[in-house]
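# got a sequence here, can you build the structure:
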Amino acid sequence: MSYAEIYEGWKADPEAFWMQAADGIEWTRKPSRALFDDKAPIYEWFSDGLVNTCWNAVDRHVENGRGDQPAIIYDSPVSETRRVISYVKLRNAVATLAGALRAKGVGKGDRVIIYMPMIPEALEAMLACARLGAVHSVVFGGFASHELAVRIDDCKPKCIIAASCGIEPGRIVHYKPLLDDALAQSGHQPDFCVILQREQEVAHLEEGRDYNWHGFQYGVEPAECVPVEGNHPAYILYTSGTTGQPKGVVRSTAGHLVALNWSMKNVYGVDPGDTFWAASDVGWVVGHSYICYAPLIHGNTTIVFEGKPIGTPDAGTFWRIIRDYNVKVLFTAPTAFRAIKREDPLGEFIRKYDTSCLKTLFLAGERADPDTIKWAQNHLNVPVIDNWWQTETGWAIAANPMGIEPLPVKLGSPSVAMPGYDIRILDEGGHEVGPNTLGAIGIKLPLPPGTLQTLWNAEERYLKSYLSHFPGYYETGDAGYKDEDGYVYIMARTDDVINVAGHRLSTGAMEEVLASHPDVAECAVIGVSDDLKGQVPMGFLCLTSGVERDHGAIVRECVKLVRDQIGPVAAFKLACVVDRLPKTRSGKILRGTMVKIADGQDFRMPATIDDPAILDEIAEALKGLGYPKAA
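The predicted structure follows:
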């Protein structure tokens, strides 16, 4: 069947569509129906089914004769470690850890915070929670103590599982002191903590509270899988950039299983047994959905990579891993490719490795600018597919369905809506606008399985944050348009659409133009306050490695490019060259923080910022442009 036939089939009978998709999962008790709408606009999926995530991700593959297949491949250039863990070894490790947690009183509905680096034990901890019906909340390893404390107080974990340290290029990140400081700040205290001691740093354990990972599991009875209701929370994931009152996205068990399993074949085009690599971190939604759960649920081999796209040791690391482990699909953020492209603009490292096993590259996490896509297409000779989704949705809202029917790629678009998502472009009054018209992107309710069910202990906030602005729709917070073929274009966060003398303009469109300059490796455009026009755009340019031309000349060329391609209406005259852009650890550019610095407003240091020192560099660059302006 074609994409159009499948999408229209879903629209005609969503109930039948999702019940058929549910057949791909093994149930203890099959659900009587797919959608439960009696609490609308809070919708639930497969609520009266009984199911276990860990059984579907691990045990069933062992039971079906594939126990010797690699489940997890761990490659850590920063610790010079490689390991291959088969499905049967993974099952045994997870059952033992779950048994140890159960022996200490962890059971169905209890929360467990996981604070670990990119190591296989992080996935084992997630799966052990799922095995017991406990609700895990993974907090990015090395996250600041205050932010960890806020999450501890919000989800009130019975247990915290952590590692002694993380490893970054050239330094050790001391996790245990951060955890101790967070517990000193938090009102809630867990019953106990489990610490994996890494050889790079052995942490002090608090007697009576802290247990060594290995000793904790010695001699325990392995735990069986505990079936839970379909609407039982699988995990809580706090959205990046959360400040003050945390926003904990709740993912329910059955919808998560069904949607992720469906997506692996239909969106990403992989079959059981294939190696799938999502180069992300388990602290982010991509790590939850496509490092841990979806590949294992679908019977793939997943890669846990502890390193960086550059510097561990060079810009060829991704290509080595693809070659060494026969990777069929790579899924990563555009920022990773921009970093590689900046270090290796001619793609010389790619030619050192045989990457012929790679069939598709998927990009997500932020807008994939056409220039980066073209660079990847030219050097890898595979389809480069943008897909768009959010922490809240858990899987792709819009994508090119490679397992159904590869559609023509349109640069700058993540392609078309996936079944379950009815995407509408809305004006400020909530009315749908026509093709090629910029507006707020809404999704008609109900959202499909696998998306957020609510916010943890904050249902009113969920309704207010996502469902109240456009009644009957989920508000994505993104702005964009659809073309006459139904292709979606994500141009900016709603906050990043700027108003220049009454003209609503997308900063993303300007970034596309700037990224097309041959000397520009990466860029960001923000809107800064202007007495005459309300707002004007300002560009920040990171240059390709090795460029030694006059910066002033490059800026002038970029200003002319925007004027030529978008027009004088953009009023684009302010730009500067910077060494790097402020980003979250997941690679999102902190445009909102840059705006506040430029406008002279107070701002709170973003919890997820990768390197706070970059903000000082941005402030210096802004001074050179005369910002913030004197009162």
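# you'd agree Val525 is in a helix?
No - when the secondary structure is assigned by DSSP: H, G, I helix; E, B strand; the rest coil, Val525 falls in strand instead of a helix.
# going forward, the N-terminal residue is numbered 50.
In the new count, where the first residue is 50, that last one comes out as Val574.
# beta partners for it?
Beta bridges link Val574 to Gly588 when assigned by DSSP bridges.
# go on, Cys625?
Phe589.
# number of nearby residues for it?
For Cys625, the tally of surrounding residues (other C-beta atoms under 10 Å) stands at 17. In this view, the C-beta of every residue, glycine as well, is placed from N, C-alpha and C.
# residues contacting it?
588-590, 600, 604, 670-671, 673-674 (C-beta atoms under 8 Å, 6 or more residues apart in numbering).
# what residues does the closest residue to Glu454 other than its chain neighbours make contact with?
Spatial nearest neighbour of Glu454, chain neighbours left out: Tyr52 (4.7 Å); criterion: C-beta to C-beta, 6 or more residues apart in numbering. Under the criterion of C-beta under 8 Å, 6+ apart, the neighbours of Tyr52 are 450, 453-454, 456, 465.
# so which of the residues you listed are in strands?
When DSSP state E defines the strands, the subset of the contacts of Tyr52 inside them is Val465.
# could you redo the contacts of Tyr52 as TSV and give each row neighbour count?
Formatted as TSV, the entries for these read as follows, by neighbours: other C-beta atoms under 10 Å:
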residue	neighbour count
Pro450	25
Ile453	20
Glu454	14
Leu456	18
Val465	21
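# isn't Ala417 up against Thr384?
No - the criterion here is C-beta atoms under 8 Å, and Ala417 misses it with Thr384 at 9.8 Å.
# top helix in this structure by residue count?
Secondary structure assigned by DSSP state H gives helix 136-152 as the longest helix of the chain.
# tell me the strands beside whichever helix or strand comes after it, with direction?
Scanning forward in sequence from helix 136-152 by DSSP states H and E, the next helix or strand is strand 160-164. Strand pairing for strand 160-164, determined by DSSP bridges: strand 184-187 (parallel), strand 208-212 (parallel).
# I'd like those as a markdown table, with distance to Gln502 appended.
Formatted as a markdown table, the entries for these read as follows, by distance: least, C-beta to C-beta, whole Å:
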| stretch | distance to Gln502 |
| --- | --- |
| strand 184-187 | 12 |
| strand 208-212 | 23 |
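# Met175: neighbour count?
By other C-beta under 10 Å, the residues close to Met175 number 28.
# returning to that earlier point: the longest helix of the chain - what's its average pLDDT?
Model confidence over helix 136-152, given as mean pLDDT, is 98.
# what does stretch 256-274 give?
Stretch 256-274 shows a mean pLDDT of 97 in the predicted model.
# give me the distance from it to the chain's centre.
The chain centre lies 31 Å from the centre of stretch 256-274; the measure is C-alpha atoms, centre = their mean, to the nearest Å.
# please export the C-alpha coordinates of it as PDB.
Only the C-alpha atoms of stretch 256-274 are listed here, as PDB (Å, rounded to 0.1, in the frame of the first residue of the first chain):
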ATOM      1  CA  GLU A 256      26.500   3.900  54.700                       C
ATOM      2  CA  GLY A 257      22.900   2.800  55.100                       C
ATOM      3  CA  ARG A 258      21.800   4.700  52.000                       C
ATOM      4  CA  ASP A 259      24.100   3.900  49.100                       C
ATOM      5  CA  TYR A 260      24.700   0.400  47.600                       C
ATOM      6  CA  ASN A 261      27.300  -0.800  45.200                       C
ATOM      7  CA  TRP A 262      25.700  -1.800  41.900                       C
ATOM      8  CA  HIS A 263      27.300  -5.300  41.900                       C
ATOM      9  CA  GLY A 264      27.100  -6.100  45.600                       C
ATOM     10  CA  PHE A 265      23.400  -4.900  45.600                       C
ATOM     11  CA  GLN A 266      22.500  -7.700  43.100                       C
ATOM     12  CA  TYR A 267      24.500 -10.500  44.600                       C
ATOM     13  CA  GLY A 268      22.500 -13.600  45.400                       C
ATOM     14  CA  VAL A 269      19.000 -12.200  44.600                       C
ATOM     15  CA  GLU A 270      16.200 -14.000  42.900                       C
ATOM     16  CA  PRO A 271      15.600 -12.700  39.400                       C
ATOM     17  CA  ALA A 272      12.300 -11.000  38.900                       C
ATOM     18  CA  GLU A 273       9.600 -12.000  36.400                       C
ATOM     19  CA  CYS A 274       7.800  -9.400  34.200                       C
END
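# need the residues that contact that stretch.
With C-beta under 8 Å, 6+ apart as the criterion, stretch 256-274 contacts 101, 103-104, 108, 141, 144-152, 170, 177, 180-181, 241-246, 254.
# do stretch 654-673 as well
Judged by C-beta under 8 Å, 6+ apart, the contacts made with stretch 654-673 from elsewhere in the structure are 189, 192-193, 195-196, 289-292, 589, 625, 627-635, 639, 642-643, 646-647, 677.
# likewise stretch 530-542?
When contacts are defined by C-beta under 8 Å, 6+ apart, stretch 530-542 is touched by residues 416, 437, 447, 459, 461-466, 472, 474, 482, 484-488, 490, 526-529, 546, 555-558, 640.
# okay, and which of those map to helices?
For these, secondary structure assignment (DSSP H) places 556-558, 640 in helices.
# and those residues as JSON lines, adding distance to Gln584 and pLDDT?
Formatted as JSON lines, those follow (distance: C-beta to C-beta, whole Å; pLDDT from 0 to 100):
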{"residue": "Thr556", "distance to Gln584": "10", "pLDDT": "87"}
{"residue": "Gly557", "distance to Gln584": "15", "pLDDT": "83"}
{"residue": "Ala558", "distance to Gln584": "15", "pLDDT": "82"}
{"residue": "Arg640", "distance to Gln584": "13", "pLDDT": "90"}
